[in-house]
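[1] Predicted model follows, preceded by the sequence.
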Amino acid sequence: MTMLEATGLRKRFGAVTALDGFDLAVTAGEICGLIGHNGAGKTTFARIASGLDRPDAGRVLIGGADARTARGRVGWAPQETALYPTATVRENMRLFGGLAGLRRRRLRAEIDELADALGLREVLDRPAGRLSGGQQRRAQTATALLNRPPVLLLDEPTVGADPDTRLDLLAVVRARAAEGAAVCYTTHYLPELVELDATLAVAAAGRVIARGSRAALLAGLPGRAVLRFDGPPPAALTPAPGEHSDGEHSDGEHSDGEHSVVVTAERPAEAAARVLAGLGPDAARLRGVDIAEPTLDDLYRHLATREARSAA
Ligand SMILES: Nc1ncnc2c1ncn2[C@@H]1O[C@H](COP(=O)(O)OP(=O)(O)OP(=O)(O)O)[C@@H](O)[C@H]1O
C-alpha cells in the first residue's frame, strides 16, 4: 500500500526552483534511499511532506490524506538539530512526544524504548545543547520516531555516529519499516542502503530522475579495481576484453615509488582476478589490491550524464 505519495511538486524561492515536478511514492514497509547532491530538493520535499511548507503546485498524500492535515503521521528528523539546547534530552522528547499526541504512560514507554535502542540512556537527563554532535543527531532522530508515525523522513541520521550507534540506528529504522512504516532515508553512503535493503530514488534539480531497486539502478555501472605495485606497472598489464579500456585503465605514481593501476569494470573483483592471474613474475611486486564497487556518486554521475545527453 502506498503510504507516501508526492505528485508533481513544484516550489520556487524567488528565482530558485527548488522542486520542479517532484514525484515519489513509498509503500508501507519500504525503506527508500533518497539520494542527490546538495540543492537537489530533498529538504524542500521533506518540509512539504511533513506539512510544514506548501508546494506551489502538486500535492503530497500521507496514507491517502493531504500532508497538511496529516500532522503527527510524518516523523521528520532534519539535518540541523531542532532540540531545545537548555532542556534535557528527556524534556525534549516529552515535548515532541506531547506535540505528536502521546500522553503519560505511552510517552514514558516510548522514551524508554528509544533511549535503550539508540544508546541515549546515559544522556537522557543532560541538556541537549551539551551533547556531542552524534548524540544530538540521535536524540533528534528519537524525537521523530516517538509516536511511531507511518511515514518517516530521516535526513542523514547516522552522520557523526560511532560504529556501534550507527548499527543501533540502522536496526531501529529496519524495525520501524518491518512494523509497516514507509521510510525515506537520505544518505550519501551506499553500504548503508545495502544494510537497510533500501530501494533508491535519485533526486536532481528538483525532480526524481531515477527510481527502483538497487539492483536495477546499479546494474551495469562500473566499479574499480586498484592494483598497487612496487615500481613501474607491469608492461603486460592491459585490460582484458570486456573491460573499459578507453582511458579508464590508468596508471598513477605515488611519492614512495608505488604505482597503482586502476581497472574500471562492471565486475571489478572478477576483472582484478583476471589481471592477477596474468601477472607472472611481476606478481612479486604487487603491494595490494583494492576493490571499489560502484558508489552512489558513480550512480549520480551516470544519471546526470544520461539526463544531459537526453536534453541535448
Ligand atoms: N527558504 C529558501 N529560500 C531560498 N532558497 C531556498 C530555500 N530553501 C531551499 N532553497 C533552495 O532550493 C534548492 C533546494 O534546496 P534543498 O534544501 O531542498 O536541497 P537538498 O537536496 O536538501 O540539499 P542538501 O543535501 O544540501 O540538504 C537549493 O538551491 C536551495 O538553495
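    Now that the structure is in, tell me what you want to look at. Numbers count the residues shown, from 1 in each chain.

[2] List the contacts of the closest residue to T165 other than its chain neighbours.
    Among residues not flanking T165 along the chain, G119 sits closest, at 5.0 Å (C-beta to C-beta, 6 or more residues apart in numbering). Any C-beta I mention is one placed from the backbone N, CA and C, and that applies to glycine too. Applying C-beta atoms under 8 Å, 6 or more residues apart in numbering to G119 gives the contacts R138, D164, T165, D168.

[3] Looking at those, spot the one nearest the ligand.
    R138 (19.0 Å; C-beta to the nearest ligand atom).

[4] If we ignore the residues flanking it in sequence, what's nearest the most centrally placed residue in the chain?
    Against the mean C-alpha coordinate of the chain, by C-alpha atoms, centre = their mean, the closest residue is T187 at 2.1 Å. Sequence neighbours aside, E156 is the residue nearest to T187 in space, at 5.8 Å (criterion: C-beta to C-beta, 6+ apart).

[5] That neighbour: how many residues sit nearby?
    17 (other C-beta atoms under 10 Å).

[6] So it sits against T186, correct?
    Yes: E156 is within contact range of T186, at 5.5 Å (criterion: C-beta atoms under 8 Å).

[7] what residues are shared contacts of those two?
    In contact with both E156 and T186: no residue, using C-beta under 8 Å, 6+ apart.

[8] which residues touch A312?
    A312 neighbours (C-beta under 8 Å, 6+ apart): none.

[9] Report pLDDT for it.
    Looking at A312, its pLDDT stands at 74.

[10] now swap in H254 and tell me
    67.

[11] and if you look at the one 10 residues further on?
    Looking at T264, its pLDDT is 85.

[12] Neighbours of the closest residue to L237 other than its chain neighbours, how many?
    Closest residue to L237 apart from its sequence neighbours, by C-beta to C-beta, 6+ apart: V261 at 5.7 Å. Number of residues near V261 (other C-beta under 10 Å) recorded here: 20.

[13] what separates the residue lying farthest from the centre of the chain from D256, distance-wise?
    Here the chain reaches farthest from its C-alpha mean at P281, the gap being 43.5 Å by C-alpha atoms, centre = their mean. In this view, P281 and D256 are 22 Å apart by C-beta to C-beta, to the nearest Å.

[14] Next up, the contacts around the residue nearest to A182 when sequence neighbours are not counted.
    Closest residue to A182 apart from its sequence neighbours, by C-beta to C-beta, 6+ apart: M3 at 3.6 Å. Contact partners of M3, counting by C-beta under 8 Å, 6+ apart, are V26, T27, A28, I62, G63, P150, V151, A181, A182.
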